[in-house]
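Student: Only the shape, not the letters, is given here:
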């Protein structure tokens, strides 16, 4: 589909993912694994996202807009070959990343592609952000930071 290759969620109270796996989902636009608009609370625990991509230059794995609370915790892993931003979160009160790994498996096997548009994690209009025990590797960006 155009958005939300695995999950498309709009105007919902909550989404809880625990011990889940999202692999090789493809979308034309944003959110190959998760696309969410106006979801009050999103919690992702012990979940793996592997090779979820976008056919455009937009966000590949997770896209979330307008939420009160987002947590990605407890040994969650995102491994994506896309260089155009892996997570985009905007218009959200609180974002927590704890015990979380984000990596690009392609970086060591080919010449890196530098993203002109987004960093690996793109946060915009966030009131509170907390990162703890987070590992980000294999990301290169011209703006926003890797």
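Tutor: Right, received. Where do you want to start? None of these values were measured; they are calculated from a predicted model.
Student: in the sheet, who's paired with the most centrally placed residue in the chain?
Tutor: The centroid of the chain falls nearest to residue 87 when counting by C-alpha atoms, centre = their mean (2.6 Å). Assessed by DSSP bridges, residue 87 has beta-bridge partners residue 62, residue 121.
Student: Look up how far residue 56 lies from it.
Tutor: Noted for residue 87: a distance of 16 Å to residue 56, by C-beta to C-beta, to the nearest Å. In this view, the C-beta of every residue, glycine as well, is placed from N, C-alpha and C.
Student: Over to residue 91?
Tutor: 21 Å.
Student: same question, residue 27
Tutor: On the measure of C-beta to C-beta, residue 27 and residue 56 end up 8 Å apart.
Student: Same check on residue 23?
Tutor: Distance of residue 23 to residue 56, computed by C-beta to C-beta: 20 Å.
Student: For this protein, which segments are assigned as strands?
Tutor: In the chain, the strands defined using DSSP state E lie at 7-18, 21-23, 26-27, 34-45, 48-50, 53-54, 62-73, 76-79, 87-103, 121-137.
Student: average pLDDT for the fourth one?
Tutor: In other words, strand 34-45. Here strand 34-45 scores 96 as its mean pLDDT.
Student: Also the first one?
Tutor: Along strand 7-18, the predicted confidence averages to a pLDDT of 95.
Student: Ok, the fifth one next?
Tutor: In this model, strand 48-50 has a mean pLDDT of 93.
Student: That one packs against which elements?
Tutor: strand 21-23, strand 76-79 (3 or more C-beta pairs under 8 Å, 6 or more residues apart in numbering; DSSP states H and E).
Student: Equivalent analysis for the first one, please.
Tutor: Other helices and strands packing on strand 7-18, by 3+ C-beta pairs under 8 Å, 6+ apart, are strand 34-45.
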